[in-house]
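Enquirer: Below are the sequence and a predicted model; questions follow.
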Amino acid sequence: MQGDLTRRPTLGGVLAAVAGLTLFIYFLRRAGVAEVAEGVRRLGWAFVVVVALGGVRFLIRAAAWIRCLDGPHRLSLAQTFKAVVAGDALGNLTPLSIIISEPAKGVFLRHLEPLRRTLPALAVENLFYTLSAMFVIGGGLVAVFLMFQTSGQLWLTTILVGAMIGLVATGHWVIWRHWLIGSATLDWLHSRGVAPGALAAITTRVRHLEEHIHALYPRDWRRLAPLALLEFSFHLLAIVEVFLVLSVVSDQPTTILHAFVFESTNRFISFAFRFVPLRIGVDEAGSGMFADLLALGTVTGVTLAIVRKGRILVWIAIGVLLLVRHGLSIRRMLAASTAEVVVVIMARSPVSGEPPKTRLSRVIDSETKRRRLYSAFLHDTVTACRTLEGSSLRVAYPPDGGPAGFSEMGINDDELLIQRGDDLGRREESVFTDLFAEGFTKVVMIGSDVPTLPIEHIRQAIEAVDARTVVLGPAADGGYYLMALASGAGASELAMPDLFSNIRWSTAETLDDTSTAAARAGLRVELLSSWYDVDDAEGLTRLRSELRGKGGRTRAPETERALEEVFREQSGVRSQESGNH
């Protein structure tokens, strides 16, 4: 898997980049470097307005995305705006375009809402954006016909506009009628013996995505009208941007109609040449030729394209900064889209919400000290899990404490996942459900109070789990410190095995009840070696004994350091109190 993530650029990608660069140089020289530079210089402070208009357009797409979410959610317009900017930056910088830009937007917000909610809503928003863009492109073709009145080409324009409108209308009609075209096609291929192993998992994911899109698709005017208005506002601001630039850099009189035609051309180029990073050369060629056609001159067209490219570069820089601050990268995004195994740690904020480790209060009376110790547990657990090659990491937290304090121990926002549900069982179930919906095929869940858990236990769970097996790690207190499930025949959002009902949680019967639930669900139970949770005085005593027996070679250095500090401070306080008495 790691080799796939670091593969070199493909021949097609290199050729596209070289061709784009060649086009850029050719049209820049054709227009005249000095003339183009003068046009850019003439724009001056108006470039700030161009950049600001670009930001407002991102804000509009973010607002449209939020409107496609069904029911209450935790997304703010500011957070969604950042996700749109960051995803767009990745799409512009790589030949992968929307293949990476759209999932990146969902991953950016994964600590607030699971991908199973954000990606279908984003797909619906993209449908409406495509519809509005098709109308802009079609309108541009009609405008060109009206401007030049080339009656001999009327039939071609009519066919193109009709085909685009028909294509978009067909897509929306398919969704309106609840036809699962994608998964049905994959089922048909699977029945013909085409890649049966790969298609089985892909078909399930596609079907779930289609069902989500159909469920989220707005079917009344109270939702349709605002969404359509937002999408058309996006294009209207783009036309204003073009008109502003043309008015400043062109020596010829320009009109809104000119700006509209240029924008429709730009929309077409954006769709047709998504695979060319930054559409380098393509924008300059298209704008230059179209400016000639409109008698505005090649210089005007190339200058317009370069100014817009400058605006894109500014927002790419902002997007990259957001990605870096968020802990995302192209490599991490590719890993997120291809990883099959994820280890998820059930944890709570070490600095806010309910105090952790309340059952240790008899031994460690200070909440501050217990939080410090809990932070060390979590830090060592995260560090150990990062040594597992070929797997992703998640930390699932309950809403009451929020995500505060996780970044200080090197946990990135895209590695956070919110727990949902009223009790422990429903929260565990939601975590498995959300991670399978993201596309992981094996999910290993562990607690945050096993800082010295041998990493080999997790490796064994990954190897042993399959679609017919649940792997459990028995805890010394009668519960379990690990549960592993695999997708396929059973574990999916629509057919999640019920291992979380009628369980006597936090008792000596928890493991037995879960094993009984697994039998009811038709799953075989695979047990790992027993281990212990550090959630009471007995577990803490065992932990201290284990760490002392390591002779300085502990696999939980933060925990060992925190224990020494906590008990040294407690001893000092007690000695001082004894002296006072």
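Expert: Now that the structure is in, tell me what you want to look at.

Enquirer: from here on, contacts and neighbour counts on C-alpha atoms
Expert: Will do.

Enquirer: Nearest the geometric middle of this structure, what residue?
Expert: With distances taken as CA atoms, centre = their mean, Val107 lies nearest the centre of the chain, 1.5 Å away.

Enquirer: Assign a three-state SS to that one, would you?
Expert: helix (DSSP: H, G, I helix; E, B strand; the rest coil).

Enquirer: Just give the strands next to the helix or strand harbouring Ile446 in its sheet, each with its orientation.
Expert: In this structure, Ile446 is located in strand 442-447 according to DSSP states H and E. The strands beside strand 442-447 in its sheet (DSSP bridges) come out as strand 341-346 (parallel), strand 480-486 (antiparallel).

Enquirer: Name the next helix or strand downstream of the first one, please.
Expert: The first helix or strand that comes after strand 341-346 along the chain, using DSSP H and E, is helix 367-385.

Enquirer: Packing partners of that following helix?
Expert: Applying 3 or more CA pairs under 8 Å, 6 or more residues apart in numbering; DSSP states H and E, one finds that helix 367-385 makes contact with helix 557-580.

Enquirer: gap between the top helix by length along the chain and the chain center?
Expert: In the chain, taking DSSP state H as the definition, the longest helix is helix 115-148. Relative to its parent chain, helix 115-148 has a centroid offset of 23 Å by CA atoms, centre = their mean, to the nearest Å.

Enquirer: just checking, what packs against it?
Expert: In terms of contacts (3+ CA pairs under 8 Å, 6+ apart), helix 115-148 is packed against helix 46-67, helix 98-108, helix 154-176, helix 196-216, helix 221-249, helix 256-272, helix 424-438.

Enquirer: Burial-wise, tell me which of those helices comes out on top.
Expert: helix 98-108 (a mean of 23; mean count of other CA atoms under 10 Å).

Enquirer: okay, the angle between it and helix 424-438?
Expert: Put simply, helix 98-108 runs at 160 degrees to helix 424-438, going by axes from the mean of the first three to the mean of the last three CA atoms, to 10 degrees.

Enquirer: Turn the strands paired with strand 442-447 into CSV, columns for distance to Glu438 and mean pLDDT.
Expert: Converted to CSV, these look like this (distance: least, CA to CA, whole Å; pLDDT from 0 to 100):
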stretch, distance to Glu438, mean pLDDT
strand 341-346, 10, 92
strand 480-486, 13, 94
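
Enquirer: Tell me which of those sits nearest to His178.
Expert: Taking CA to CA, strand 480-486 is the member of these nearest to His178, at 29.0 Å.

Enquirer: List the buried residues of the very next helix or strand once past that closest one.
Expert: Moving toward the C-terminus from strand 480-486, the next helix or strand (DSSP H and E) is helix 510-520. For helix 510-520, the buried set under the neighbour-count rule, 16 or more other CA atoms under 10 Å, comprises Thr510, Leu511, Asp512, Asp513, Thr514, Ser515, Thr516, Ala517, Ala518.

Enquirer: just checking, what packs against helix 510-520?
Expert: Here helix 510-520 touches strand 524-527, going by 3+ CA pairs under 8 Å, 6+ apart.

Enquirer: what's the offset of the strand it packs on from the middle of its chain?
Expert: 33 Å.

Enquirer: next helix or strand past it?
Expert: For strand 524-527, the following helix or strand on the C-terminal side (DSSP H and E) is helix 537-548.
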